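Q: With the sequence up front, the predicted model follows.
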Amino acid sequence: MQKTFKNEKILFAEPLFQCDGLAGFTRSELYENAIHRTLRINQLKKEHNWTQEDFDIAIRCLNYEVGFVIHLSMFIPAIERLATDDQKAKWLPLAESYRILGTYAQTELGHGTNLMALETTATFDPRTDEFVLRTPQLSSMKWWPGSLGKTATHAIVLAQLIIGNKNYGMNPFMVQLRSLEDHMPLPGIIVGDIGAKLGANSNDNGFLILNDVRIPRENMLARNSKVTKDGRYIQTSTNKANYATMVLVRLSIIRWAEDTIKNGSLIAIRYSAVRRQSSLQAGGPEMQVLDYQTQQYKIFPSLAASYALFFTYEAMMKEYEIAYAQIMRGNNQLLGQIHGQLSGLKAFASDLVTYELEMCRRSCGGHGYLKASVVGETLLHTLPLVTVEGDNTVMYLQCARYLLKQIAKALAGQDVDEPTSYLKKDILSYTCPVQKGEHCTNPNYLLKIYTQRAHSAIASVARQLQFDLESGKDQSSAFNNNLVSLVQAAKAHCQLCLMKNFVESVSALERTCSENLASVLRQLCLYFGLHGIVTASGEFLESEAIGLQQLEWIKAEELKSLAAIRPNAVALVDAFDLHDQTVMSALGRYDGNAYQHLFEAAKREPMNQTQVPPAYYKYLRDLIKGQPLAKL
Ligand SMILES: CCCCCCCCCCCCC/C=C/C(=O)SCCNC(=O)CCNC(=O)[C@H](O)C(C)(C)COP(=O)(O)OP(=O)(O)OC[C@H]1O[C@@H](n2cnc3c(N)ncnc32)[C@H](O)[C@@H]1OP(=O)(O)O
Ligand SMILES: Cc1cc2nc3c(=O)[nH]c(=O)nc-3n(C[C@H](O)[C@H](O)[C@H](O)COP(=O)(O)OP(=O)(O)OC[C@H]3O[C@@H](n4cnc5c(N)ncnc54)[C@H](O)[C@@H]3O)c2cc1C
């Protein structure tokens with residue numbers, strides 16, 4: 001599942017990467033530890049000639065609990081995508097050698113989603129051949145960018161370009177924030193950390209106020225548009241190309257989601273295999289809770305999602321690489337497709353894993369509420385994924401917007417993109433492939449059901465929009481009147497994508513792997529498909545992709561699938577090949593000694609380093625001895 005990291009032993013031999021001790025760290029300690037880790041991994045990379053992939057896997061082995069995440073995942077990729085070749089030649093070597101440390105400063109206190117309304121301005125001054133960057137008002141200050149608070153020496157600032165009295169929209173500008181001599185903020189720069197968050201507190205997300213900060217004209221990243229010395233704005237590519245960095249990060253978030261749900265399902269399944277509680281027969285032996293059907297019903301969806309997201313990431317990485325290669329050659333033909341696909345799939349993947357991680361946590365009972373179980377921490381660290389790189393609702397709507405364009409082309413008899421080719425089919429010619437109970441065991445039949453449901457959802461909202469427009473509603477009112485259905489259609493398309501990638505990937509694997517492995521993966525794929533229909537049965541019925549009889553067969557088959565997966569559940573999470581130090585959980589250790597590891601973790605609790613707590617001497621002693629308390 002995860003390319004086995006041959007360097008794991010090297011990494012986890014060092015105390016710096018042993019994660020037990022992170023609990024109890026202050027924010028400053030977490031921040032410093034994260035920076036120390038990234039720089040040490042960099043040294044290991046040089047010492048052992050690791051590849052960039054090894055470096056990336058090391059970061060993933062540490063659950064991204066490292067420094068410079070935005071520098072590495074956004075600042076450098078943004079230079080690669082938004083800068084001219086000359087600008088790349090200047091900035092990339094500095095960024096790649098950490099001589100400058102960057103962030104991607106787009107979101108403001110008052111706006112994150114609505115990029116068109118960003119308020120920071122970059123006004124061209126032809127007298128000095130400079131841009132003047134300004135934060136017009138409180139709501140304009142940059143707010144949230146990672147590493148902005150205390151680390152970044154430079155930022156790619158997204159600002160409204162003003163030439164004369166004309167606004168040319170959002171453009172990217174390289175702005176130095178701190179001195180490279182003493183790290184102090186430069187004149188006109190007010191910068192700091194925005195404060196503690198629910199999780200990810202090793203990251204110094206920050207604020208930035210720009211008070212008439214001047215930068216040379218050459219600091220506008222000019223791959224897609226530039227300003228000439230005499231103040232002319234020349235657009236060399238679509239402005240959408242300035243959004244390219246976000247497309248890449250949305251792809252990375254699908255991988256991040258896959259990594260977190262693998263951790264969660266591994267913890268829940270391993271713990272459920274060792275936890276014995278209650279018995280079915282009076283006086284009989286206590287059962288492994290993994291044998292309760294309800295426990296399987298709670299956690300096997302996370303197991304199936306782990307594999308589904310793995311296969312979807314692999315497929316989308318290939319799709320992205322093709323699109324990116326074309327875009328970098330100036331051909332933006334695939335930009336709309338990759339944007340629509342990754343907007344929806346980033347939203348669907350992060351929604352899916354945040355829901356299933358909470359189910360994994362609940363399945364661990366009381367111990368799931370301990371930090372030492374880590375499953376709760378994993379959830380806290382995953383929660384931002386439903387917001388970063390675009391709030392999920394907004395991302396679904398971007399995906400829906402893409403789907404509406406595709407179905408309009410399909411209905412007009414024009415070509416459509418491969419991911420939406422199903423929209424060319426005649427929706428009325430569908431017959432549910434499940435005509436007998438045993439048909440539910442065929443993932444390809446289930447795939448047809450998913451396809452019909454997605455097609456129906458998209459066609460239905462397109463019809464409703466058309467009806468609203470013909471009834472006299474203006475475009476934006478008609479759109480707003482159907483947002484819920486648009487999101488639903490996008491989710492249906494995304495769930496189809498996951499199922500399709502799962503079915504096709506298993507089918508491809510069958511040609512090379514053992515029959516035993518193939519049958520286990522087929523079973524998991526089947527379960528993923530059945531469970532997806534049951535949890536959204538209303539939409540599948542509404543779309544007439546299935547009837548009540550099919551739903552009854554599918555529900556019965558889903559429960560049978562639980563029992564079929566049970567014998568392989570632990571092996572399927574062991575197959576993630578995750579080191580104990582990656583999972584970090586006292587409940588999910590490979591040796592299964594959950595209670596021992598829980599107790600070891602409790603003994604490490606700082607409060608247990610003294611037998612008598614300081615509060616005893618302040619408050620408890622007199623109380624217990626019945627002596628009057630001093631005025632508190
Ligand atoms: C080695 C290290 C390993 C670490 C790995 C870690 C990986 C993960 C790291 C994660 C870290 C995350 C940290 C967080 C970072 C951030 O959050 S950065 C800020 C992100 N912000 C957003 O995403 C803002 C969301 N809003 C938007 O994208 C846009 O405002 C909008 C909602 C898409 C609306 O766009 P807008 O231009 O305002 O109007 P529209 O009319 O809707 O769109 C115009 C046309 O542009 C097309 N388009 C929009 N976005 C994109 C895009 N990204 N790419 C391509 N095309 C785009 C859109 O489809 C429209 O096209 P047409 O329909 O053809 O006109
Ligand atoms: C941990 C973390 C790290 C971040 N790192 C960075 C970073 O490095 N760089 C950076 O630039 N930004 C960063 N961000 C900011 C992030 O990109 C924004 O928070 C995100 O884009 C959402 O925008 P918002 O916060 O303005 O939410 P809003 O858009 O204000 O969302 C609030 C509500 O309004 C709804 N809504 C908004 N617009 C619409 C619409 N058009 N239709 C329907 N509903 C709508 C949303 O669905 C949501 O329910 C980070 C955020 C977090 C939490």
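A: Structure received. Numbers count the residues shown, from 1 in each chain. Ligands and ions are numbered 1, 2, ... in the order given.
Q: pLDDT value on the most centrally placed residue in the chain, please?
A: Against the mean C-alpha coordinate of the chain, by CA atoms, centre = their mean, the closest residue is Ile253 at 3.0 Å. pLDDT recorded at Ile253 is 97.
Q: how close does it get to Ser477?
A: Per CB to CB, to the nearest Å, Ile253 is found 32 Å from Ser477. Yep, even glycine has a C-beta here, placed from its N, CA and C like the rest.
Q: Tell me the helices and strands packed up against the biggest helix by length in the chain.
A: Counting residues, the longest helix found in the chain (DSSP state H) is helix 293-328. Applying 3 or more CB pairs under 8 Å, 6 or more residues apart in numbering; DSSP states H and E, we find helix 293-328 packed against helix 244-274, helix 335-362, helix 483-510, helix 515-535, helix 548-565, helix 569-574.
Q: CA atoms only for the fifth one - export them in CSV, please.
A: Below are the C-alpha coordinates for helix 548-565, written out as CSV (Å, rounded to 0.1, in the frame of the first residue of the first chain):
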residue,chain,number,x,y,z
LEU,A,548,-36.5,-1.5,-3.2
GLN,A,549,-36.0,-5.2,-4.1
GLN,A,550,-32.4,-4.5,-5.1
LEU,A,551,-31.8,-2.4,-2.0
GLU,A,552,-33.0,-5.4,0.1
TRP,A,553,-30.6,-7.7,-1.7
ILE,A,554,-27.7,-5.2,-1.4
LYS,A,555,-28.2,-4.6,2.3
ALA,A,556,-28.2,-8.4,2.9
GLU,A,557,-25.1,-8.8,0.8
GLU,A,558,-23.3,-6.0,2.6
LEU,A,559,-23.8,-7.7,6.0
LYS,A,560,-22.5,-11.0,4.5
SER,A,561,-19.5,-9.0,3.2
LEU,A,562,-18.6,-8.0,6.8
ALA,A,563,-18.2,-11.7,7.8
ALA,A,564,-16.2,-12.4,4.6
ILE,A,565,-13.8,-9.5,5.3
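Q: Identify the residue spatially nearest to the residue nearest to the centre of the chain, adjacent ones excluded.
A: Lys346 (4.9 Å; CB to CB, 6 or more residues apart in numbering).
Q: these two touch, right, that neighbour and Ile254?
A: Yes - counting by CB atoms under 8 Å, Ile254 is a contact partner of Lys346 at 6.1 Å.
Q: right, and the helices and strands packed on helix 293-328 - which one's nearest ligand 2?
A: Evaluated with CB to the nearest ligand atom, the helices and strands packed on helix 293-328 place helix 483-510 nearest to ligand 2, the distance being 6.0 Å.
Q: what about Lys346 and Ile254, which has more around it?
A: Using other CB atoms under 10 Å, the more surrounded residue of Lys346 and Ile254 is Lys346, with 32 against 24.
Q: List the contacts of the more buried one.
A: Counting by CB atoms under 8 Å, 6 or more residues apart in numbering, Lys346 touches Arg250, Leu251, Ile253, Ile254, Leu385, Glu389, Gly390, Asn392, Met395.
Q: which among those residues end up buried?
A: Buried subset of the contacts of Lys346 (neighbour count, 16 or more other CB atoms under 10 Å): Arg250, Leu251, Ile253, Ile254, Leu385, Glu389, Gly390, Asn392, Met395.
Q: For these, give me JSON lines that also has distance to Glu356.
A: Output for the buried ones among the contacts of Lys346, formatted as JSON lines (distance: CB to CB, whole Å):
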{"residue": "Arg250", "distance to Glu356": "20"}
{"residue": "Leu251", "distance to Glu356": "20"}
{"residue": "Ile253", "distance to Glu356": "16"}
{"residue": "Ile254", "distance to Glu356": "15"}
{"residue": "Leu385", "distance to Glu356": "13"}
{"residue": "Glu389", "distance to Glu356": "20"}
{"residue": "Gly390", "distance to Glu356": "21"}
{"residue": "Asn392", "distance to Glu356": "15"}
{"residue": "Met395", "distance to Glu356": "19"}
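Q: Which of the three states applies to the closest residue to ligand 2 within the chain?
A: Residue of the chain nearest ligand 2, by CB to the nearest ligand atom: Gly112 (2.4 Å). Secondary structure, DSSP: H, G, I helix; E, B strand; the rest coil: Gly112 is coil.
Q: Next, find the distance separating it from Glu389.
A: Using CB to CB, Gly112 is found at 10 Å from Glu389.
Q: re earlier: tell me the spacing between the residue of the chain closest to ligand 2 and ligand 1.
A: 6 Å (CB to the nearest ligand atom, to the nearest Å).
Q: picking up where we left off before, what angle do helix 515-535 and the longest helix of the chain make with each other?
A: Angle of helix 293-328 versus helix 515-535, following axes from the mean of the first three to the mean of the last three CA atoms, to 10 degrees, is 100 degrees.
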